[in-house]
Structure formats: C-alpha cells, structure tokens
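Student: just to be clear, the model below is a prediction. Sequence and coordinates:
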Amino acid sequence: MSIEKARKVAIDTMLTHPLILKTPAPEVNVLKVGDGMVTLAIRPYCAQENYWDVYFQIQEAIKSAFDSNGIAGPVPHRVLISKPA
C-alpha cells in the first residue's frame, strides 16, 4: 500500500461528503506501523449534530474507495507445523 495514495483517496472521499466541512480540512495521518500493516487516522470535521452520521458513513465510503482504487488491507499469514504423533 502506498501511504500517499491511501491518503489522497481518503481525503478526496471525505471532501465529496456533504456533511464534512471544508475548513478545517480533513486529515489523514499515520497512526501506527505494525507487522505488515499501517494504521491511518482519518479525521473529517463536521458539525456536532452530524458526528455519528459522518462517523459511520465515511468509514464505509473510504472502504469502498480503497477497494475501487486497489488499496487492500493486510492479509494475516499463519504457519502451521504438524509433527507426527
């Protein structure tokens, strides 16, 4: 995953949402880097009365935008070791 591509897709998606304010501008920052994954902090700004609508709608919208742009999340890997009894 390209962090810059993910950031651009997320910000572009937030800017198209009618309840998200243009000022202050939405933010996307790296929150954590872990084993094979990067956690992004997505921060749209909206009026207080729209908070929960924006909270749920933007998560779904960004996930759809990531899928459409080929941005995939991490795939967990497991190693199974089998020993004869």
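Tutor: Done, it's in.

Student: any idea how far residue 51 is from residue 57?
Tutor: Plainly put, residue 51 is 11 Å away from residue 57 if you go by CB to CB, to the nearest Å. Just so you know, the C-beta spots here come from the backbone N, C-alpha and C atoms, and that holds for glycine as well.

Student: intersection of neighbour lists for those two?
Tutor: When contacts are counted by CB atoms under 8 Å, 6 or more residues apart in numbering, the set common to residue 51 and residue 57 is empty.

Student: what about these two, which has more around it?
Tutor: residue 57 (16 against 13; other CB atoms under 10 Å).

Student: check which helix or strand covers the residue lying closest to residue 17 once chain neighbours are set aside.
Tutor: Distance criterion CB to CB, 6 or more residues apart in numbering; nearest residue to residue 17, sequence neighbours excluded, is residue 58 at 6.1 Å. Residue 58 belongs to helix 51-68 when elements are defined using DSSP states H and E.

Student: ditto for residue 28
Tutor: In this structure, residue 28 sits in strand 27-34 according to DSSP H and E.

Student: follow-up on the earlier one: for the helix holding residue 58, buried residues please.
Tutor: Within helix 51-68, the residues that qualify as buried by neighbour count (16 or more other CB atoms under 10 Å) are 54, 57-58, 61-62, 65-66.

Student: state the mean pLDDT of stretch 65-75.
Tutor: Averaged over stretch 65-75, pLDDT sits at 88.

Student: run through who's touching that stretch.
Tutor: The list of residues contacting stretch 65-75 from outside it, by CB under 8 Å, 6+ apart, reads 1-2, 5-6, 9-10, 12-13, 36-37.

Student: go ahead and produce PDB holding the CA coordinates of that stretch.
Tutor: Written as PDB, here are the backbone C-alpha positions of stretch 65-75 (Å, rounded to 0.1, in the frame of the first residue of the first chain):
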ATOM      1  CA  ALA A  65     -13.000   4.000  -2.300                       C
ATOM      2  CA  PHE A  66     -10.000   1.900  -1.200                       C
ATOM      3  CA  ASP A  67     -11.500  -1.200  -2.900                       C
ATOM      4  CA  SER A  68     -12.200   0.700  -6.100                       C
ATOM      5  CA  ASN A  69      -8.600   2.000  -6.200                       C
ATOM      6  CA  GLY A  70      -6.900  -1.300  -5.400                       C
ATOM      7  CA  ILE A  71      -5.900  -0.400  -1.900                       C
ATOM      8  CA  ALA A  72      -6.000  -3.600   0.100                       C
ATOM      9  CA  GLY A  73      -5.700  -4.200   3.800                       C
ATOM     10  CA  PRO A  74      -3.200  -6.600   5.300                       C
ATOM     11  CA  VAL A  75      -3.800 -10.300   4.900                       C
END
